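> Fold the stuff below for me.
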Amino acid sequence: MKETICTIPINDIWGVKKGCPICRMYDMLENQYAQFITGSAMMDPETRVQTNKKGFCDKHFVKIAEVGKRLPNALILQTHLGEIMEKYMPKDVHSKPDKKKLAALREMQESCYICDRIRFDTEHFLRTVFSEWQKSEEFRKLYREQEFICLEHYRMVTELSLHAIPSKHLADFHADTAALAKNQLQLLIDDTSHFCKMFDYQSRGADWGNSRDAIERDLRFLAGIPLPEEENK
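Below is the predicted model:
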């Protein structure tokens, strides 16, 4: 596939053929934004306004603390905490609860600057994937050769494709995508069943096959949780 500004990251991600390609895309974006937030974004007023307003989910508060140095993290937290004090806390602690402020606080707590940026970029990347799948047989082959697509991203890819791929191509695209999810699901069912069977006294001395890490692979498929060896990369 000819490389352009849009397709270079797609080539990088789909060229690995290990695990879920959309999870790899997510991990790439997550790392980039965590480094950006605690790096060059510190001097960007517009970005600071957005991070003050939205904050981060629990996962991404931990992520920026891991990636960034202590001073950038402290500066981010300083202005975010100030925003919370100004907008969501009562002026007088003895006053009645302000329902509007509580609703706004809930909305802020349910938002995340990094999650929102990843969601936007992932949809943009997937539209490039849809385009490449339609026009490039080489990429279509690469798409089919992926190890699997996890359950969450099977749903995401399929839902977005309904509005992005013409009806004449949609059935074939869905067949390719569904096969990546369904084949992995059947493999996990078989391996997990074999794992459970190995605890029966009648299976004493039998071959575990590929079932020893069945639980970890189940979680990777169901919830995007990386295998232990992947966490150390």
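> how far away is the residue in the chain sticking out farthest from the centre from H163?
Distance from the C-alpha centroid of the chain peaks at H94, with 42.4 Å (Cα atoms, centre = their mean). Look at H94 and H163: by Cβ to Cβ, to the nearest Å, they are 52 Å apart. Using the backbone N, CA and C atoms, a C-beta is placed for each residue, glycine as well.
> burial count for Q78?
11 (other Cβ atoms under 10 Å).
> Kindly report the same for D207.
Applying other Cβ under 10 Å, I find that D207 has 9 neighbouring residues.
> Use 54 as the first number for this chain going forward.
In the new numbering, first residue 54, that becomes D260.
> Return the per-residue confidence for it.
On pLDDT, D260 comes in at 91.
> Kindly indicate whether it is helix, strand or coil.
What DSSP: H, G, I helix; E, B strand; the rest coil gives for D260 is coil.
> who touches it in this structure?
Residues in contact with D260 (Cβ atoms under 8 Å, 6 or more residues apart in numbering): none are found.
> T245: what's its closest spatial neighbour, skipping adjacent residues?
Leaving aside its sequence neighbours, T245 sits nearest to A267 (Cβ to Cβ, 6 or more residues apart in numbering; 4.5 Å).
> by contact count, what packs against the lengthiest helix in the chain?
Counting residues, the longest helix found in the chain (DSSP state H) is helix 220-250. If contacts are counted by 3 or more Cβ pairs under 8 Å, 6 or more residues apart in numbering; DSSP states H and E, helix 220-250 sits against helix 166-188, helix 190-197, helix 204-217, helix 267-276.
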